[in-house]
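Participant: Below: sequence and its predicted model.
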Amino acid sequence: MDYFFNPPLAHLLLRLVLGIAFIIHGYPKIKNFSGIAGWFDSVGLKPAKFWLSVVIIAEFFGGVALVAGILVELAAFLIAVDMLVAMWKVKWGKTGFTGDGGWELDLAYLIIAISLILTGGGLYAF
């Protein structure tokens, strides 16, 4: 059964899945900066344009870094903080764990990010 034990491939898969997911999350924030900034303001993330810029760096550019395998621990840390804030400011107490708007996916992203922080990017990272 050792032929199924492949930590470098596991690290690569975690990096690629999390990175691609966050590129997809971050890109619309770049395209609709003003609209998203208004929403950030409405949920109390002020100054909205500053925090939106931080989120774009964490999500889009952090996602690119994960896919490329560079600065993996830093990118994963930024994504972990992003998920904690999303769960706290946007979803906690307003939605359940599962269902429409639930925070189960945010928790899965958080745990993947924490695992990359703790173990690094693996053999296929720089």
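Facilitator: Looks like it arrived, so ask away. Numbering: from 1, shown residues only.
Participant: Val64 against Leu16, yeah?
Facilitator: No - here Val64 lies out of contact with Leu16, judged by CB atoms under 8 Å, at a distance of 11.7 Å. Bear in mind the C-beta positions are built from the backbone N, C-alpha and C, glycine included.
Participant: who touches stretch 12-26?
Facilitator: Outside of stretch 12-26, the residues that reach it under the criterion CB atoms under 8 Å, 6 or more residues apart in numbering are 55-56, 58-67, 69, 72, 75-76, 79, 109, 112-113, 115-116, 121-125.
Participant: Check the residues you listed for burial and list the buried ones.
Facilitator: In the contacts of stretch 12-26, burial by neighbour count holds for 55-56, 58-67, 69, 72, 75-76, 79, 109, 112-113, 115-116, 121-122, 125, counting by 16 or more other CB atoms under 10 Å.
Participant: hang on, the earlier thing: return the subset of the contacts of stretch 12-26 lying in helices.
Facilitator: Cross-referencing these against helices under DSSP state H gives 55-56, 62-67, 72, 75-76, 79, 109, 112-113, 115-116.
Participant: what's around Lys91, how many residues?
Facilitator: Around Lys91 sit 17 other residues, with neighbours defined as other CB atoms under 10 Å.
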